[in-house]
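One predicted model, sequence on top.
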Amino acid sequence: EVQLVESGGGLVQPGGSLRLSCAASGFTFDDYAIGWFRQAPGKEREGVSCIDSGADGTSYADSVKGRFTISRDNAKNTVYLQMNSLKPEDTAVYYCAADPIHPSRCSDYSAPWDYWGQGTQVTVSS
């Protein structure tokens, strides 16, 4: 059974940090790109960051560049999203998704993704 399980969300003050985790099982993790998405109430889901095979294959939405860092640990079948300098506008449910690695995967968030997690809530508020 394929599973993507997000964790690490919570309530944090503006300027604070959180690290989200996406733990995968049921597929060959090394062969898959992992994307992070978020959806705030009343807004469309947006792609936040993506990683394919490693540190050189990452992308970020303009709104999070310089504040968020994505990484993966293939030994643990886990992708992390380190979120620093959080802002109230970062408040959303964050989801991870998986799709086989291919050249344009991390440059096109809108293309279909094979698997999705259930999401974890991130709230940035004082």
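Looks like it came in fine.

going forward, measure contacts between C-alpha atoms and count neighbours the same way
Will do.

For residue 106, give me phi and psi.
phi -90, psi 10 (degrees, to the nearest 10).

How about the residue nearest the centre of the chain, nearest residue that isn't a chain neighbour?
Closest residue to the average C-alpha location of the chain: residue 36 at 2.2 Å, with Cα atoms, centre = their mean. Leaving aside its sequence neighbours, residue 36 sits nearest to residue 96 (Cα to Cα, 6 or more residues apart in numbering; 4.5 Å).

That neighbour: neighbouring residues, count only.
Using other Cα atoms under 10 Å, residue 96 has 31 other residues around it.

Could you tell me which residues make contact with residue 79?
Contacts for residue 79 (Cα atoms under 8 Å, 6 or more residues apart in numbering) come out as 21-23, 34, 70-73.

now with 10 Å?
Counting by Cα atoms under 10 Å, 6 or more residues apart in numbering, residue 79 touches 6, 20-24, 29, 33-36, 50-51, 70-73, 96.

And residue 43, by the same measure?
If a contact means Cα under 10 Å, 6+ apart, then residue 43 has residue 92 as its contacts.

Was I right to think the residue nearest to the centre of the chain contacts residue 92?
No: look at residue 36 against residue 92 with Cα atoms under 10 Å: they stay out of range, at 11.8 Å.

Between those two, which contacts overlap?
In contact with both residue 36 and residue 92: residue 119, using Cα under 10 Å, 6+ apart.

Which of the three states applies to the residue nearest to the centre of the chain?
Under DSSP: H, G, I helix; E, B strand; the rest coil, the three-state class of residue 36 is strand.

How much space separates it from residue 126?
Residue 36 is 25 Å from residue 126, where distance means Cα to Cα, to the nearest Å.

Sounds good, over and out.
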